[in-house]
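Trainee: Build the 3D model from these lines:
(one chain, ligands or ions: 1)
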Amino acid sequence: MDKRWAALAVISTMHAGTKLVSGDFGKTREGALVRIYTLTNNSVEATITNYGGRVVSLKSGGTDVVLGFDSLEGYLNDNPYFGALVGRYANRIGHAQFTLNGVLYKVPKNDGDNSLHGGLRGFDKRVWTPRELPDGGLELTYLSKDGEEGYPGNCKVTVIYHLTDAGELKIEYAASTDKGTVINLTNHAYFNLKGSGDILGHMLTLTADHFTPVDRGLIPTGVLKPVAGTPFDFRKPTAIGARIEHNDEQLKLGKGYDHNWVLNKKGSELSIAARLEEPSSGRVMEVWTTEPGIQFYTGNFLDGSIKGKGGKVYGRRSALCLETQHFPDSPNKPRFPSVVLRPGMDFKSTTIYKFVR
Ligand code: BGC
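Mentor: Residues are numbered from 1 along each chain as shown. Sure, this is the predicted structure:
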């Protein structure tokens, strides 16, 4: 067989077992129709909506391991990015401004003095154009116009979700622009591998020798700090709750873990970033990514005020996020890996959530 055809045959067998069904999820307040898609492959099922590209549910062995809502209404109401596709710039930009090509750009302040997760109406609150792929994948596209939320350039973003035969939810991001801009895309799923209770007993491993300490506004200071000898050392499997209340300045600033870890890698190869194990169920999820960093957030700001699926109250630390990303505030940190996207460049990024057991 011609080599190219052989490669294609391999790719199509990767998702050979995926079934995709779709339906209506409701309408936005402006009247736009929103759809919902269920991808099933063996024991993994992912439900995704084109409203904010949100992962509504993710089931492994029948247990839903992500927080969210039963209906579109929940997502339209204020919520902390449940399952969302976050952009144009995931996490924070300090003082809500940055300079690019000598021009100062101001983006919305929606987190004290800083800008968080793309501003007031980021990618998580947009209706994306969906396309069902013949191989059982779901493609979402969105054109973020020049000046939207203060960002320069018409930026075309494509995100493809697949469930692979190996028990993986694979998310592939691509973007291009017609003017220099900054970009940082992630998924903001809140995981609880037990399906209920808190996440303090989950065992976490992070492939990172360093993290980026933050200031009071959770903006990185610019230093890469070794994790050795600190509560930020997750190089060996460690219970999340083991050190979360330690008397540590960084833990106090984050009200728990809410930091970016610097992944041990040379370039943008796909590598393992995290392994999460929930002892009582035996469930294990790995996170693989081409990104240089991961935000590990322990749901410190969940306060029980939100009722989610089945009326469940989402309390403090009832879930955790593992957001693959470039480092927060990179537009203002010349030493951090670049987040600049210029015309003619192709932005590409892949993240995999893999259910091992
Ligand atoms: C941030 C947290 C924030 C959460 C929800 C995380 O990515 O690091 O500080 O509270 O998202 O917005």
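Trainee: Skipping adjacent residues, who's closest to I306 in space?
Mentor: Y314 (5.0 Å; C-beta to C-beta, 6 or more residues apart in numbering). (Each C-beta comes from the backbone N, C-alpha and C, glycine too.)
Trainee: For the protein, which residues are neighbours of the ligand?
Mentor: P80, Y81, N91, H117, L218, D258, Q295, Y297, F301, E323 (C-beta under 6 Å from any ligand atom).
Trainee: Can you tell me which of those residues has the most neighbours?
Mentor: N91 (29 neighbours; other C-beta atoms under 10 Å).
Trainee: and it, how far is that from R29?
Mentor: 27 Å (C-beta to C-beta, to the nearest Å).
Trainee: Before we go further, G299 is sitting in a helix, right?
Mentor: No: applying DSSP: H, G, I helix; E, B strand; the rest coil, one finds G299 to be coil, outside a helix.
Trainee: quick one: it and L200 touch, right?
Mentor: No: here G299 lies out of contact with L200, judged by C-beta atoms under 8 Å, at a distance of 10.5 Å.
Trainee: quick one, which of these two is more surrounded?
Mentor: G299 (24 against 16).
Trainee: Any regions of the protein where pLDDT drops low?
Mentor: Scanning the chain for pLDDT under 70 picks out the ranges 1-13.
Trainee: element containing the residue nearest to the spatial centre of it?
Mentor: In the chain, the centroid-proximal residue (C-alpha atoms, centre = their mean) is N187; its distance is 2.1 Å. Using DSSP states H and E, N187 sits within strand 186-188.
Trainee: Same check on F336?
Mentor: Short version: F336 belongs to no helix or strand, going by DSSP H and E.
Trainee: Thought Q325 was touching it, still the case?
Mentor: No: the pair F336 / Q325 is not scored as a contact, 11.0 Å apart, by C-beta under 8 Å.
Trainee: who's more crowded, those two?
Mentor: Q325 (24 against 21).
Trainee: Okay, and the beta partners of the more buried one?
Mentor: Here Q325 shows beta-bridge partners G293, assigned using DSSP bridges.
Trainee: Provide a list of residues in contact with it.
Mentor: A90, N91, N184, L185, T186, N260, E291, G293, I294, Q295 (C-beta atoms under 8 Å, 6 or more residues apart in numbering).
Trainee: Distance check, the fifth one against G31.
Mentor: Summarising the geometry, the distance separating T186 from G31, computed by C-beta to C-beta, is 29 Å.
Trainee: Look at the two and report which has more neighbours.
Mentor: T186 (30 against 6).
Trainee: That one and F327 touch, don't they?
Mentor: No: using C-beta under 8 Å, T186 is not in contact with F327; the gap is 11.8 Å.
Trainee: Chain neighbours aside, what residue packs nearest to R216?
Mentor: L253 (6.2 Å).
Trainee: so is that neighbour in a helix, a strand, or just coil?
Mentor: Secondary structure of L253, per three-state DSSP, is helix.
Trainee: Verify the stated contact: it with P220.
Mentor: No: if you go by C-beta under 8 Å, L253 and P220 don't touch, sitting 11.3 Å apart.
Trainee: out of those two, which sits in the more crowded spot?
Mentor: P220 (25 against 16).
Trainee: Roughly how far does the more buried one sit from E132?
Mentor: Taken as C-beta to C-beta, the span from P220 to E132 is 39 Å.
Trainee: before we move on, what about E286?
Mentor: From E286 to E132 the distance is 27 Å (C-beta to C-beta).
Trainee: same question, G299
Mentor: Distance from G299 to E132, by C-beta to C-beta: 33 Å.
Trainee: Next: D113.
Mentor: D113 is 43 Å from E132, by C-beta to C-beta.
Trainee: With G201 instead?
Mentor: The value you get for G201 to E132, if C-beta to C-beta is used, is 39 Å.
Trainee: ok, now S22?
Mentor: To E132, S22 is 6 Å away according to C-beta to C-beta.
Trainee: and for the two, which residues touch both?
Mentor: Shared contacts of S22 and E132, counting by C-beta under 8 Å, 6+ apart, come down to Y37.
Trainee: Report how many residues lie close to G23.
Mentor: Other residues close to G23 by other C-beta under 10 Å number 8.
Trainee: pretty sure it contacts T47?
Mentor: No: using C-beta under 8 Å, G23 makes no contact with T47, being 10.0 Å away.
Trainee: who touches both of those two?
Mentor: I36.
Trainee: overlap in contacts of L253 and P220?
Mentor: Joint contacts of L253 and P220 (C-beta under 8 Å, 6+ apart) are V214.
Trainee: Can you give me the neighbour number for G229?
Mentor: 7.
Trainee: So what pairs up with the residue nearest to the centre of the chain in the strands?
Mentor: L85.
Trainee: Show the contacting residues for it.
Mentor: Counting by C-beta under 8 Å, 6+ apart, N187 has contacts G53, V55, G83, A84, L85, V86, I171, E323, T324, T351.
Trainee: quick check, nearest of the residues you listed to the ligand?
Mentor: E323 (5.4 Å; C-beta to the nearest ligand atom).
Trainee: Tell me who's in contact with the residue of the chain at minimum distance from the ligand.
Mentor: The chain approaches the ligand most closely through P80 (4.0 Å), counting by C-beta to the nearest ligand atom. Residues touching P80, when contacts are defined by C-beta under 8 Å, 6+ apart, comprise H188, F301, L302, I306.
Trainee: Secondary structure element for it, which one?
Mentor: Counting by DSSP H and E, P80 is found in no helix or strand.
Trainee: thinking again about what came up before, from the residues of the chain next to the ligand, which is closest to L206?
Mentor: L206 has its nearest neighbour among these in Q295, at 11.0 Å by C-beta to C-beta.
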